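Mind looking at a prediction? Sequence and model below.
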Amino acid sequence: MSPTRRTALWVLGILLAGAALRLAIWWVSPPVNAFDDHLEPIALYATQWSRPAPDACWQCYQPPLYYALSAGVLRLSHLLTGDFWTAWRSVQLLSIVFSLLQLAIAWRLLTLVGARGLAPRLCALAVLALLPRDIYTAVFVSNDAALGLAVSLAVLLYLEAMQRGCEGRWALRLAALFAAACGAAWTKQSGLIAAILPVAFAIWWECQCSRRTPEGGVDRGRLVRVFAWLALGLAIVGADGRMGRFTRELLGAPRARARGLELACEVRRGDDLHRLLSAAHVDVGVDFTQAGLGLKHGLAMLGAGVHPLIGTSGVDEEATRRLDERARELGLGGLVVPNFSIGIWLQQRLALQVLRHFHAVEILEEHHASKRDAPSGTAVDTAERLAAAGHAGRQRAVPRAVLVPGPARPS
């Protein structure tokens with residue numbers, strides 16, 4: 001059996017289990033079993049075929065969408081069966097349908113946001129499907145299940161729209177998102193919170209997709225973060241360099257937007273770092289500049305209220321200490337990462353594991369002749385880790401660099 005088919009069977013099994021439990025509770029639970037009396041407004045809608053006055057009943061002040069839909073189900077069921085009890089049971093069944101549709105949307109959301117691994121996603125879906133409170137309340141004649149469905153659909157459409165960005169039928173996606181938000185608002189007053197999603201997408205599209213001059217002036221794309229609360233604003237310091245361009249490409253990918261990452265600011269050679277960071281809504285600043293600038297840029301980012309992620313070489317132990325002290329003063333977090341390579345991380349871990357089996361340690365690295373920092377920050381960081389983990393009597397490893405004639409790596 002293919003993995004896709006096996007996953008589909010697992011999801012179907014969880015949904016069927018949730019449906020069976022909800023139907024079992026529905027079978028023994030009368031329609032009057034609910035927190036509030038929503039039957040009276042449904043009856044008024046069904047008999048008057050118009051919205052009653054807000055003071056006509058306890059729940060008559062609520063928006064009309066759920067009550068009008070339930071009144072239609074009540075009339076249709078009574079027309080087919082001739083029994084009012086069966087008709088009310090049909091209205092009660094409507095909440096179960098809404099609850100199951102919300103579970104299907106929840107699975108799509110778990111897949112879309114990139115939850116790690118199949119097993120955690122299935123476990124999360126199982127919790128939602130088999131939670132006793134949700135099973136019990138799913139049989140209530142209430143607008144809560146309809147509200148949950150409308151808000152879940154609006155969130156799903158928003159995330160899909162942000163993932164696809166300016167590509168394809170953006171107007172159709174915006175219309176669908178607007179319709180889902182309106183459905184939430186017309187189901188219950190608290191559903192008005194969903195209105196923030198189409199507004200956020202519309203502003204984001206206007207700022208990101210229709211602008212013509214990204215250079216110069218104020219980047220209007222920052223304004224969307226007032227509404228798009230899922231986005232994490234990142235600044236690239238050293239955007240013209242090899243790693244800076246690579247990071248910009250990653251942040252521009254649809255998957256990065258779906259995970260809530262957005263490029264907020266690009267800092268190039270000669271730019272005023274503090275001014276640009278202060279003007280933009282930046283949460284994290286990634287520094288990929290020249291060796292020796294990490295301390296200066298890190299302090300500037302902290303001064304602007306930005307969490308620094310420094311990938312520049314030349315940040316020694318003293319510079320790291322100063323950055324740590326300043327970050328603690330301001331209550332900000334940050335990282336100094338000499339090398340982002342998984343291979344280097346594995347090499348350092350293995351070196352720490354085998355350290356106890358050797359009496360002496362030597363670190364030797366090879367670089368092109370034009371490398372600015374030799375030995376590199378990676379070699380210095382490795383030596384410091386080995387020194388911290390080694391015995392007191394062992395001589396500290398001093399990294400040595402060999403410069404080989406030849407061109408540097410293509411940038």
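Ah, there it is.

Next one: Gln65, what pLDDT does it get?
If you look again at residue 65, you'll see it is Leu, not Gln. On pLDDT, Leu65 comes in at 94.

Roughly how far does it sit from Gly72?
To Gly72, Leu65 is 11 Å away according to C-beta to C-beta, to the nearest Å. For glycine as for every other residue, the C-beta is placed from the backbone atoms N, C-alpha and C.

try Leu335
According to C-beta to C-beta, Leu335 and Gly72 sit 57 Å apart.

Which one's more surrounded, those two?
Gly72 (16 against 13; other C-beta atoms under 10 Å).

did I read that right, that one in a helix?
Yes. Read with DSSP: H, G, I helix; E, B strand; the rest coil, Gly72 is one of the residues of a helix.

what ranges of the stretch 101-250 of the chain fall below the confidence cut-off?
The stretch 101-250 of the chain contains residues with pLDDT under 70 at 114-117, 165-168, 206-231.

In it, what residue spans correspond to helices?
Using DSSP state H, counting those that start in this stretch, the helices of the stretch 101-250 of the chain run over 118-130, 132-137, 144-164, 170-185, 196-208, 242-252.

which of those helices is buried the deepest?
Mean neighbours per residue, mean count of other C-beta atoms under 10 Å, is largest over the helices of the stretch 101-250 of the chain for helix 144-164, with a mean of 22.

how far away is Pro63 from Asp55?
Taken as C-beta to C-beta, the span from Pro63 to Asp55 is 16 Å.

Between the two, which has more neighbouring residues?
Just comparing Pro63 and Asp55: by other C-beta under 10 Å the higher neighbour count belongs to Pro63, 19 against 8.

List the residues that contact that one.
185-189, 191 (C-beta atoms under 8 Å, 6 or more residues apart in numbering).

Which one, of the helices of the stretch 101-250 of the chain, ends up nearest to Leu76?
Leu76 sits nearest to helix 144-164 of all the helices of the stretch 101-250 of the chain, at 17.3 Å, using C-beta to C-beta.

how big is the angle separating that closest one from helix 170-185?
With axes from the mean of the first three to the mean of the last three C-alpha atoms, to 10 degrees defining the directions, helix 144-164 sits at 160 degrees from helix 170-185.

Check the offset of helix 144-164 from the chain's centre.
14 Å (C-alpha atoms, centre = their mean, to the nearest Å).

Give me the helices and strands touching it, please.
helix 65-81, helix 84-112, helix 170-185, helix 196-208, helix 254-258 (3 or more C-beta pairs under 8 Å, 6 or more residues apart in numbering; DSSP states H and E).

In CSV: those helices, plus distance to Pro41.
Listed next are the helices and strands packed on helix 144-164 as CSV, based on distance: least, C-beta to C-beta, whole Å:
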stretch, distance to Pro41
helix 65-81, 5
helix 84-112, 12
helix 170-185, 17
helix 196-208, 28
helix 254-258, 40
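
Most remote residue from the middle of the chain, which is it?
Among the C-alpha atoms of the chain, the one most distant from their mean position (C-alpha atoms, centre = their mean) is that of Gly82, at 50.0 Å.

Output the below-cut-off pLDDT ranges for the stretch 301-411 of the chain.
Residue ranges of the stretch 301-411 of the chain with pLDDT under 70: 367-374, 390-411.

where do the strands sit along it?
For the stretch 301-411 of the chain, the strands defined by DSSP state E, counting those that start in this stretch occupy 307-310, 335-336, 364-368, 400-404.

What's the first helix or strand after the strand or helix carrying Arg275?
Using DSSP states H and E, Arg275 falls within helix 273-279. For helix 273-279, the succeeding helix or strand toward the C-terminus, using DSSP H and E, is strand 284-287.

Could you list the residues in contact with the helix holding Arg275?
So helix 273-279 is contacted by 218, 235, 237, 265, 267, 285, 297, 300-301, 303-304, 306 (C-beta under 8 Å, 6+ apart).

quick one: which of the residues you listed has the most company?
For the contacts of helix 273-279, neighbours were counted using other C-beta under 10 Å, and Val237 has the most, 31 neighbours in all.

Surely that one touches Val267?
Yes. Under the criterion of C-beta atoms under 8 Å, Val237 makes contact with Val267 at 4.5 Å.

domain ranges for the protein?
Annotated domains of the chain cover 1-142, 144-227, 231-336, 342-404 [automatic domain parsing].

re earlier: quick one: buried ones out of the contacts of Pro63?
The neighbour-count test (16 or more other C-beta atoms under 10 Å) marks 185-188, 191 as buried among the contacts of Pro63.

Tell me, how many residues neighbour the nearest residue to Asn143 once chain neighbours are set aside?
Spatial nearest neighbour of Asn143, excluding adjacent residues (C-beta to C-beta, 6 or more residues apart in numbering): Tyr66 at 3.9 Å. If you count neighbours by other C-beta under 10 Å, Tyr66 ends up with 28.

residues contacting Tyr66?
By C-beta under 8 Å, 6+ apart, the residues touching Tyr66 are 143, 146-147, 187-188.

quick one: pLDDT of Met1?
65.
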